[in-house]
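> turn this into a model:
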Amino acid sequence: LRLAQIASDTAPGSLTVEAWGQRWLDARAACGDYRHVDVERARWSAYMTGSAIGRLPVRDVDAADVRAWLGALRGKRSAKLSGSTRANALTLLRSALAGAVEAGHLETSPAREIKLAKGRTTHEGWSWLRADELAAMLEAAPTPKARGLWTVGAYTGLRTGELLGLRWEDIDFDRCTLRVRHTRDDAPKTPRALREVALLEP
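As a prediction, this is how the structure comes out:
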């Protein structure tokens, strides 16, 4: 389906960002070329429904609106979302507005040049563990299995899904490396996620 046809029944200027995003996701689902549209729908609903930018007509959105929306993004418990979650939300909005450009609702996307600050931010409330803190954490592990997972996670930086997807054949004891080839549910999402990680000495 052409994006322009998706919104052809809507009067010019009346299509909101929230409504456009839903139609844009419908178009992605209909063409069958995109994976994880259901995940994108859930994200769109969580971050756009009821938001100030979501109520704006697509044609009226500018970069200041996008920045204000990013600044207001909050989690379910009113805590600011992590940098990676906000980046996912921005990527989704950026793609939806690029679709609006393709469909003729916008001349240029106001989200195209918006970037999140790189690196850790202080509001997330975490830092690297010191050696004594790491030792205390591992000592408090409720089971030997948990202690093993926590140890490998702390020293490799693997994500939870990657840790839970590990198999014995992924470990090369001779070369002291760990091959990341699986996650708990599936293969890693991108080719870059397939990698070798050096194992530190005990």
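
> checking the residue located most distally from the centre of the chain next. Helix, strand or coil?
Most distant from the centre of the chain: Asp174, at 35.5 Å, with distances by Cα atoms, centre = their mean. Following DSSP: H, G, I helix; E, B strand; the rest coil, we place Asp174 in the coil state.

> please report how far it lies from Leu158.
20 Å (Cβ to Cβ, to the nearest Å). C-beta: built from backbone N, CA, C; applies to glycine.

> the helices in this protein, which residues?
3-6, 17-31, 37-48, 52-55, 63-72, 83-102, 131-139, 144-156, 160-164 (DSSP state H).

> low pLDDT regions in the chain?
By pLDDT under 70, the low-scoring segments of the chain are 1-13, 35, 74-82, 117-127, 187-193, 202.

> gap between the residue most central in space within the chain and Thr49?
The residue lying closest to the centre of the chain (Cα atoms, centre = their mean) is Asn88, at 3.4 Å. For Asn88, the distance to Thr49 (Cβ to Cβ) stands at 16 Å.

> please apply the same query to Leu70.
Computed as Cβ to Cβ, the Leu70 to Thr49 distance reads 16 Å.

> so between those two, which is more surrounded?
Neighbour count, other Cβ atoms under 10 Å: between Leu70 and Thr49, Leu70 has more, with 19 against 12.

> surely the more buried one and Lys115 touch.
No. Using Cβ atoms under 8 Å, Leu70 is not in contact with Lys115; the gap is 10.2 Å.

> how close does Thr108 get to Leu163?
Thr108 is 42 Å from Leu163, by Cβ to Cβ.

> between these two, who's got more neighbours?
Taking other Cβ under 10 Å, Thr108 and Leu163 do not tie; Leu163 has more neighbours (17 against 10).

> contacting residues around that one?
Leu163 sits next to 149, 152-153 when contact means Cβ atoms under 8 Å, 6 or more residues apart in numbering.

> buried ones among those residues?
149, 152 (16 or more other Cβ atoms under 10 Å).

> out of the contacts of Leu163, which comes closest to Val197?
Val152 (9.3 Å; Cβ to Cβ).

> next one: that closest one relative to Leu97, how far apart?
On the measure of Cβ to Cβ, Val152 and Leu97 end up 40 Å apart.

> my guess is Val58 contacts Trp20. True?
Yes. If you go by Cβ under 8 Å, Val58 and Trp20 touch, sitting 4.9 Å apart.

> which residues do these two both contact?
Common contacts of Val58 and Trp20 (Cβ under 8 Å, 6+ apart): 100, 105.

> correct me, but the residue nearest to the centre of the chain touches Arg43?
Yes. Using Cβ under 8 Å, Asn88 is in contact with Arg43, at 6.5 Å.

> for the two, list the residues in contact with both.
By Cβ under 8 Å, 6+ apart, no residue touches both Asn88 and Arg43.

> the residue nearest to Val37 when sequence neighbours are not counted - how many residues pack around it?
Of all residues not flanking Val37 in the chain, Ala29 sits nearest, at 4.6 Å (Cβ to Cβ, 6 or more residues apart in numbering). A count of neighbours around Ala29, defined by other Cβ under 10 Å, yields 15.
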